[in-house]
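got a sequence here, can you build the structure:
(chains A, B and C)
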Amino acid sequence: MSRDYSLGEIATHLAAQLRGNPEIRITGLNSLKNAGAGQISFLSNPKYASQLSICNAEAVMLTAEQAESYSGDCLILANPYLAYAKLSSWFDPAPQQVSGTHPSAVVHPSALVKDDVYLGPNVVVEAGAVLASGCRIEANSFIGARAVLGQHCHISANVTLYHDIVIGDRVRVHSGTVIGADGFGFAPDGDEGYQKIHQIGSVEIGDNVEIGACTTIDRGALENTIIGNGVIIDNHVQIAHNVVIGDNSALAAYSGLAGSATLGANCTLAGSACVVGHISICDNVILTARTLATKNITKPGVYSSSVTSALPSLEWRKNAARMSQLDSMARRLKELEKKQK
Amino acid sequence: MSRDYSLGEIATHLAAQLRGNPEIRITGLNSLKNAGAGQISFLSNPKYASQLSICNAEAVMLTAEQAESYSGDCLILANPYLAYAKLSSWFDPAPQQVSGTHPSAVVHPSALVKDDVYLGPNVVVEAGAVLASGCRIEANSFIGARAVLGQHCHISANVTLYHDIVIGDRVRVHSGTVIGADGFGFAPDGDEGYQKIHQIGSVEIGDNVEIGACTTIDRGALENTIIGNGVIIDNHVQIAHNVVIGDNSALAAYSGLAGSATLGANCTLAGSACVVGHISICDNVILTARTLATKNITKPGVYSSSVTSALPSLEWRKNAARMSQLDSMARRLKELEKKQK
Amino acid sequence: MSRDYSLGEIATHLAAQLRGNPEIRITGLNSLKNAGAGQISFLSNPKYASQLSICNAEAVMLTAEQAESYSGDCLILANPYLAYAKLSSWFDPAPQQVSGTHPSAVVHPSALVKDDVYLGPNVVVEAGAVLASGCRIEANSFIGARAVLGQHCHISANVTLYHDIVIGDRVRVHSGTVIGADGFGFAPDGDEGYQKIHQIGSVEIGDNVEIGACTTIDRGALENTIIGNGVIIDNHVQIAHNVVIGDNSALAAYSGLAGSATLGANCTLAGSACVVGHISICDNVILTARTLATKNITKPGVYSSSVTSALPSLEWRKNAARMSQLDSMARRLKELEKKQK
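Numbers count the residues shown, from 1 in each chain, chains lettered A, B, ... in the order given. Predicted coordinates for the structure are as follows:
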């Protein structure tokens, strides 16, 4: 919790070239605009280059080129934004719980919990669950029967992991998130309404996955729902049963995949971008905000649908009302063109 | 937990005609493609009929017609998909908690909890709540004051049921879901901002309702929010105050109804389909994915709005930019047509 | 819990002119249509004026003008809807927990909890947290290290407040909501996938803020995410890192702001209305349901995008398919007009 490092230590950590005094003490990390005494900053967006000359940071992370126009202490490296990311954990104020089980935690005797695991107050670990070395489970979270967590997973407070799910190493799950709830599967039964299809598959999550708050990943109907390695998932994301997501894809808030959809590797779903059920999106696809993919996408690229620029409402409505005539307009236009010839 | 049945037992359960050896042991349920020794499967989608000849299932559920082209052991019935649904509970690995109250549960002395109810660790049951026979409340869930749950309700971990809500029999609620929070009601008070309207109604939920994870059903402002029998609700669904939903309607993920909207019976809201406040949708209406209903719908049918196919973004933007000219285009087209005559 | 008041008491509370018997006992509050013996009602929407003559309420809140055509007991005031809002708390059945700490609550010895605070069962309060006078924290909620709550905050069950967040006075937070989870910040690291950016900022929330269920407000990357005074937030809302929201703005369900977006004061985001990252919306802007703001808005007013009226699906699809030709149509129309001249 001291968060007091020498500039030299930081340079070594980042494999950066240090220009200036390695003994300077660095006690904080901040934006160029707000950094003050004792704080290190960085320049990533060229838009902010002008802030460099007037910044009060103790030291700045810069590219070699940027450093030429800066006279203060600095760390020189290829990618200051990446360096900022790598350094950020050194200044994270989040509590680092020591290992041990809080007396109020309820751990089934058949669960396998490594000695160095932290189990916070009221954590519940059910029969046969396995928590590997370095896991931290915060207060009031629930680990279902036979769930398996790899090393150094960090589960925030009030998370629910259902029975039998399998999570890799270094997976981060934020509060309110639910992994392994039943997929939405029902068979119509005439006048009887719906017959529930019990979801007997599970969820498999790779290594180095980050999952935000209030996100849901449903268990599979028969086989498993699968999330690859290095996938990053924001808040309020919906991943339905039997979805498969490739490595290093990114899913922003409110994005979702319906049942049995497949998303390739290195894809990005921007906010509210969704994929309907049973379709497949290849690797390296970006869906822009609120795009709905209703058909397979087989070619890498950036795709959009549905969204138009916000207009004053009266103006929008006047135009939107014409949408129901668009097909007719297209036909009439063609007709006019024919006559013209 | 053994999950080992004879094919004969299964045939009896499903009222199916058995063709083959009733003594065969069935220990699993799987898709045609993945089923192996000891596993039963089913053919529902004709697309997969070709998988039948090469499948390794121990037995298959088929229609009489499908069975003609299959030589292995099978159960013959009218609707294999429905049969699969009915059988699925026999192979569900979810723990079936025995009745009893975990010592860490906190139950108010005035709560009425039937002897065979299961209350998991850290469950909180407040004053005057009623839990009928066969209810299972999993760890860390909260049952508010005077809430009433019918028989055989199953509430997963980390669920919140507010005070005074009433739930029927056999209702399933998944984790992270909140039932009975305040509806979003405020009266503008000039420069004072908003004056909260306390929500003094409640929520009534029928029998055989299934509710997914991270879903919210708000309590009514004055009267109750009402969910009919047999309604199935997915994850991240929003049901606002004083909504009324008819029997056997289905609401997929991110679908929602704003305040005082009414949805008929046997309706389907596909993913992200929403209904604005104070309007009414009749029985047997389907809103396709992301449709927004802004006016009453009085005729059964399938309705859509707003969504277009995903295009490469540059192409989309070029076309979307024309939306602000659509009304002008329509007028100009008409003008041309007039001149043509 | 008695909820039995004289009409005179109510008149005094609302500073209303009383016409009728001040000794009448009022034991409930209800709509004009449903109010019965002992209940008070109100007329706000002129649409319902006809219900006045046949209503069975014990007394009604009316404007002077409305009172002229009503012969029963009534309270006369300028704004009956606002009066209803002000009176609603008197009839709220929600339990009013007495102060005190439930024995199952886990409170770190370094936390500062005022004597009159209510901490429900299994509440966890971590090191250094501060709970001011009159706070009520319901069951199974989590207050992170050094979080600070002002006076008379009311936190429902199963809420998660992360470390270091700061909340003003009289803030209401509903169940399932998560405040202070990490913002969605990652730096691409080539073949290594994403490098997490630890979120070392926090969240600051003003006074008199109401936050619904299953809503997320992320902590800032370097500086804080900021919510002004009097802001009202519905369920399933997403407020990303470093968003700034002005006083008395209203955010309906599923609305959201992406990272570093700024929303002015007195704005309204209707359901599903979203704002993309790094843009700025000025004061007094309304975004209608499902509008996506992709550019700065600098002029007060009502804005819309993307949404069209629901049509029968076949009709919608026929028209929507033409969207990919809209730019071409616009060009061809212009061409025809040229020839016409």
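
on the three-state scheme, the residue nearest to residue A:254 when sequence neighbours are not counted is what?
Nearest non-adjacent residue to residue A:254, counting by CB to CB, 6 or more residues apart in numbering or on different chains: residue A:272, 4.3 Å away. Backbone N, C-alpha and C define where each C-beta goes, glycine included. The local conformation at residue A:272, judged by DSSP: H, G, I helix; E, B strand; the rest coil, is coil.

got the contact list for residue A:272?
With contact taken as CB atoms under 8 Å, 6 or more residues apart in numbering or on different chains, residue A:272 is in contact with A:252, A:253, A:254, A:255, A:289, A:290, C:274, C:292.

residue C:292 versus that one, what's the distance?
Noted for residue A:272: a distance of 8 Å to residue C:292, by CB to CB, to the nearest Å.

touching both of these two, which residues are there?
Common neighbours of residue A:272 and residue C:292, using CB under 8 Å, 6+ apart, are A:289, A:290, C:274.

of those residues, which is the nearest to residue B:307?
Taking CB to CB as the measure, residue B:307 lies nearest residue A:290 of the shared contacts of residue A:272 and residue C:292, at 9.8 Å.

what's the burial count for residue A:253?
Counted with other CB atoms under 10 Å in any protein chain shown, residues neighbouring residue A:253 total 29.

likewise residue A:189?
Residue A:189: 16 neighbours (other CB under 10 Å).

equivalent analysis for residue A:55, please.
Residue A:55: 22 neighbours (other CB under 10 Å).

can you tell me the closest non-neighbouring residue to it?
Excluding the flanking residues, the one nearest residue A:55 by CB to CB, 6+ apart is residue A:32, at 4.7 Å.

from chain C, how far out is the one you found?
Note on residue A:32: its distance to chain C, by CB to the nearest CB, to the nearest Å, is 10 Å.

ok, residue A:212 touching residue A:235?
Yes: the pair formed by residue A:212 and residue A:235 meets the contact definition of CB atoms under 8 Å, at 4.0 Å.

joint contacts of those two?
Shared contacts of residue A:212 and residue A:235 (CB under 8 Å, 6+ apart): A:174, A:253, C:181, C:184, C:216, C:218.

out of the residues you listed, who's the most crowded?
residue C:218 (31 neighbours).

pretty sure residue A:316 belongs to a helix, no?
Yes: membership of residue A:316 in a helix is supported by three-state DSSP.

list the contacts for it?
A:310, C:303, C:304, C:305.

check residue A:32 too.
With contact taken as CB under 8 Å, 6+ apart, residue A:32 is in contact with A:41, A:42, A:43, A:48, A:51, A:52, A:55, A:57, A:60.

that one and residue C:262, how far apart?
19 Å.

what of residue A:184?
Using CB to CB, one gets 37 Å for the distance from residue A:184 to residue C:262.

ditto for residue A:260
Plainly put, residue A:260 is 39 Å away from residue C:262 if you go by CB to CB.

same question for residue A:140.
Distance from residue A:140 to residue C:262, counting by CB to CB: 34 Å.

repeat for residue A:341
From residue A:341 to residue C:262 the distance is 54 Å (CB to CB).

go on, residue A:95?
Using CB to CB, residue A:95 is found at 30 Å from residue C:262.

and what of residue A:158?
Noted for residue A:158: a distance of 29 Å to residue C:262, by CB to CB.

higher neighbour count, those two?
Per other CB under 10 Å, whichever of residue A:158 and residue C:262 has more neighbours is residue A:158, with 33 against 18.
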